[in-house]
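*Asks:* Predicted model follows, preceded by the sequence.
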Amino acid sequence: MEPFDDHTDEMGRGLTFDQAEAALTGQVPAGADPAVTDAAAVVAGLRQSLLVEPPPSVADRHLAAMLAARPVAPSPLAPAEVRPSLRTRVLRWAAVAGIAGGVTLSGGLAAAGNLPGPLQDRVSGAAGWLGIDLPRSSPPEPVPAAEPDQQDPPATHGDAVTEAVEGSGTGRERGEEVSGTADPFDRGGHTPPVDSPPAAGGATGPARAPAGPPAALPDDVPSEHPTAGRPPDRPAGDAGDGERPADTPPEGGAERAPDPPGRP
Amino acid sequence: MVIGDRFAAVLAGARTGDEAALTEIYRDLAGPVLGYLRGQGARDPEDLASEVFVGLVRGVGRFEGDEQSFRSWVFTIAHRRLLDERRRLARRDDQPLERLDAEALEGGDAEAEAVAALAGGHLVRHLDRLTPDQRSVLLLRVVADLPVAEVAAILGKAPGAVKTLQRRALASLTRSMSSEAVS
């Protein structure tokens, strides 16, 4: 059967609004039109058919779903948490993104060894704690070329000279000691002075000690005395200004990946 | 209205997720919501009713109003869930919508089923003969027990249109049943 449309409805028995309202609310007056009474019976039948309480199993399932969907009750000990505003959340995201970007950028620069010297050292040290090997701006301690018999050389040649000059003894003794400081560094592979003989063994031994009288060396020999012909007060392998010569292996050079081609 | 004067307290409890308050609301509205969905021929009225009540719990914190408005709001959720289900089924285009039949009434306890079958279970079959708007208006008025203005708000129609729809729906349903009785 096709649904009744307005056309068929108009052709059938009609109800006024008041009659329909009376049938719907169940308040049919005594002696009402039979059409209204019939309509009221239909409404009562519909209510009886459809208004059925759900069985306990269904009700339990519905209630469980409702309780699971409840908002989490705030802890009585903690103040009610207020959801941050959209602006706050956007700012937080921006801050996090900025920090992440900064870490990525500095990490990349650190990996490339392009950070300024002190910063490069700090980043390298911090990365070392995490097991990440990053190059340092300069080796923390100069490592002379492998020389098995050399034990604990002074940190720098300048330090060694200073140590010798400030030591006890007569001026001559200190002068000789200053001269002697040149020896281990020269044996460490330093470029000898231009006027040094390229003999086997290099400029080693006391032969390079000043031949003049001890008084030629004053007692206050400055620490930057160019004893070994290297730049003053520079440790072996230290080119100064935080820059490492390209040919100087960094500390733990065996662990570092080779420099990419084209890098100075 | 069953909750009555205690509605404000019950609503406040429901907003905080109080189990007793939510249970009271469910006991008040479960029958009408299920009846509305069954009368509309929902494929799985119980699952759909579960979605309605979950939506109630999630949105009750933002609700403001009295018990009449609350009831109207809950049936707005039910009506929209029903439309969602119909759109979903139409997209799938697998089977036509099930109309209310004996299977749709399954799941109730034996006594309720017997009452429905004997007293008026066949009545709901006549709802298929109404237009969708007539059916919605009649069910919201009869089962949800909502006034004309609330029904109009739920369906997005003018109150005058709702009055016309309910009058024609009632006349059509009565005529359909009379003709069945004669035949």
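*Replies:* Structure received.
*Asks:* Around chain B, which positions in the stretch 51-200 of chain A sit nearby?
*Replies:* Within the stretch 51-200 of chain A, the positions adjacent to chain B are A:51-56, A:58-59, A:61-63, A:65-67, A:69-71, A:73 by CB under 8 Å from any CB of the partner chain. To be clear about C-beta, it is placed using only N, CA and C from the backbone, and glycine gets the same treatment.
*Asks:* try 7 Å
*Replies:* A:51-55, A:58-59, A:61-63, A:65-67, A:69-71, A:73 (CB under 7 Å from any CB of the partner chain).
*Asks:* What subset of the residues you listed is buried?
*Replies:* Of the members of those, the ones counted as buried by neighbours, 16 or more other CB atoms under 10 Å in any protein chain shown, are A:51-52, A:54-55, A:58-59, A:61-63, A:65-66, A:69-70.
*Asks:* Between the residues you listed, which sits nearest chain B?
*Replies:* The nearest member of these to chain B, counting by CB to the nearest CB, is residue A:70 at 3.5 Å.
*Asks:* what residue is smack in the middle of chain B?
*Replies:* residue B:36 (2.2 Å; CA atoms, centre = their mean).
*Asks:* so what's that residue up against?
*Replies:* Taking CB atoms under 7 Å, 6 or more residues apart in numbering or on different chains, we find residue B:36 in contact with B:75, B:78, B:139, B:143-144.
*Asks:* Which element, helix or strand, includes it?
*Replies:* helix B:19-39 (DSSP states H and E).
*Asks:* Looking at the helix or strand just after that helix now, give me its mean pLDDT.
*Replies:* Counting by DSSP H and E, the next helix or strand C-terminal to helix B:19-39 is helix B:45-59. Per-residue pLDDT values across helix B:45-59 average out to 95.
*Asks:* got the contact list for helix B:45-59?
*Replies:* For helix B:45-59, using CB under 7 Å, 6+ apart, the contacting residues are A:54, A:58, A:61-62, A:65-66, A:69-70, B:22, B:26, B:33-34, B:37-38, B:42, B:74, B:77-78, B:81-82, B:85, B:104, B:107.
*Asks:* Send over it as CSV, restricted to the C-alpha atoms.
*Replies:* The C-alpha trace of helix B:45-59 is given here as CSV (Å, rounded to 0.1, in the frame of the first residue of the first chain):
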residue,chain,number,x,y,z
PRO,B,45,17.5,0.7,17.8
GLU,B,46,19.3,-0.5,20.9
ASP,B,47,22.7,0.4,19.5
LEU,B,48,21.4,3.7,18.3
ALA,B,49,19.9,4.4,21.7
SER,B,50,23.3,3.7,23.2
GLU,B,51,24.9,6.3,20.9
VAL,B,52,22.2,8.7,22.0
PHE,B,53,22.8,8.3,25.7
VAL,B,54,26.6,8.5,25.2
GLY,B,55,26.0,11.8,23.3
LEU,B,56,23.9,12.9,26.2
VAL,B,57,26.7,12.3,28.7
ARG,B,58,29.2,14.1,26.6
GLY,B,59,27.1,17.1,26.0
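*Asks:* re the thing from before, quick one: the residue nearest to the centre of chain B and residue A:51, what's the gap?
*Replies:* With distances taken as CB to CB, to the nearest Å, residue B:36 is found 10 Å from residue A:51.
*Asks:* same question, residue B:176
*Replies:* 21 Å.
*Asks:* Around residue A:31, how many other residues sit close by?
*Replies:* Neighbourhood size, residue A:31 [other CB atoms under 10 Å in any protein chain shown]: 6.
*Asks:* ok, back up a step: need the overlap of contacts for residue B:36 and residue A:51.
*Replies:* residue B:143.
*Asks:* Now tell me which helix or strand of chain B has the poorest mean pLDDT.
*Replies:* For chain B, counting by mean pLDDT, DSSP states H and E, helix B:110-115 ranks last in confidence among helices and strands (a mean of 48).
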